[in-house]
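Chemist: Build the 3D model from these lines:
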Amino acid sequence: MTQPNSDHTLLLELIRSLDLAMLVETDDDYLRTISPAPTWLSRVLPGDPEQLRKDDACDFLANFLVDAHAFWQMARPGKLRSGFWIERDDNDREQVFEASAFRLEAVPILLVERAPNAYDDAQKVIQTGREIITKLK
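Modeler: Take a look at the predicted model:
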């Protein structure tokens, strides 16, 4: 059986291994990371990981944070998903992201992930659907 401290370490290592950014809302205007910040985080939410201004987020994420804040205030179970969005990296390559808002023990949590595989899978399903509809016409 693992000890609480090692459980915490394991959880942080899992989040890092999955290349996720896990943040907590500290007040209406700020977030802070509660896991090691992935290198890509500054593309969508620049600044000091200990005090990230929501207003500095990329446009898509900033808009989602308005909805996430309202979701957190309602204290409803479940999660709110942003849907996919695309940002360009320093080499002008497209990077796909998705964010989720939820509460853990009344703490507002934002999880941001790079999601290229899920996005590609969704695109394939949509394309297949279009092809089927075209054949049925």
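Chemist: so what's residue 133 scoring on pLDDT?
Modeler: pLDDT recorded at residue 133 is 65.
Chemist: My read is that residue 61 contacts residue 82, right?
Modeler: Yes - with contacts counted by CB atoms under 8 Å, residue 61 reaches residue 82, the gap being 7.3 Å. No exception for glycine: its C-beta is placed from N, CA and C like everyone else's.
Chemist: hey, what's in contact with both of those two?
Modeler: residue 99 (CB atoms under 8 Å, 6 or more residues apart in numbering).
Chemist: pretty sure residue 71 is touching residue 101, no?
Modeler: Yes - counting by CB under 8 Å, residue 101 is a contact partner of residue 71 at 5.3 Å.
Chemist: which phi and psi does the residue positioned nearest the centre of the chain have?
Modeler: Geometric centre of the chain, nearest residue: residue 112, 1.7 Å, by CA atoms, centre = their mean. Main-chain torsions, residue 112, degrees, to the nearest 10: phi -120, psi 130.
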